[in-house]
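*Asks:* A structural model of the following input is requested.
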Amino acid sequence: MIKSIGLILSFLLFFQETTFKKQKLTDYLSMEVSTELREMTQQELSSKFLGARIPDVAMTDAQSGVEFTITASSTFWQEGDVALLKDFYDSSIPPLFKQIDFSQKELVTINDKQFAAYQFDGKPANERGSGSEQRYTYLLYTIHKNGLVTISFSCPPYLKSKWEPIAQKMFGSVKFR
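*Replies:* Next up, the predicted model:
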């Protein structure tokens, strides 16, 4: 009986409606973010981004299975170059993954801003050994004030059905200043 009640409560918690909170994440971007996400700890940042540039924003869920980041960097691309930027990423993303399956690869407009948008399932190619796992990934690329802005979300396949609609809602709320 107690096991049944625990199982029902776990089921309800897993499928409960996600809440969102509008947040100013950087001096250039705000968006609605799932309240299930938290900022990564320094230790998590160090282990996930070893030797790489630390993102402006890096968040994860309670189990550290989800990865949400925002990164801006100086670029030679101009505001009107998003279509060219998409062509560049069309050819540069596939070599980074094995067994890649795109569900979205197109230009989109969100709140009057153009983005190159990618959604796919794939196994990161840079992982060593057989331990690399398939990931659902959602990427948005745009140019803002002479900077390349990358918004990234990823999670393992067993979390995809829960997090894919959450990521889509979050990404649909992106607003630049």
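
*Asks:* where does the protein have low pLDDT?
*Replies:* Residues of the chain meeting the criterion pLDDT under 70: 1-16, 127-132.

*Asks:* and with 90 instead?
*Replies:* For the chain, the stretches with pLDDT under 90 are 1-18, 45-54, 77, 79-80, 98-99, 124-133, 146, 177.

*Asks:* In this structure, which helix is the longest?
*Replies:* When the chain is parsed with DSSP state H, its longest helix is helix 157-171.

*Asks:* Can you name the element that comes right after that one?
*Replies:* strand 175-176 (DSSP states H and E).

*Asks:* Can you list the strands that that following strand pairs with?
*Replies:* strand 29-34 (antiparallel) (DSSP bridges).

*Asks:* Could you look up the SS state of the residue nearest the centre of the chain?
*Replies:* Centroid-nearest residue in the chain, with CA atoms, centre = their mean: Phe153, separated by 1.3 Å. Following DSSP: H, G, I helix; E, B strand; the rest coil, Phe153 is assigned to strand.

*Asks:* Just the strands from this protein, written as ranges.
*Replies:* Using DSSP state E, the strands of the chain run over residues 20-24, 29-34, 38-39, 57-60, 67-74, 97-110, 113-124, 135-144, 147-155, 175-176.

*Asks:* now the longest helix of the chain, how far from the centre of its chain.
*Replies:* 9 Å (CA atoms, centre = their mean, to the nearest Å).
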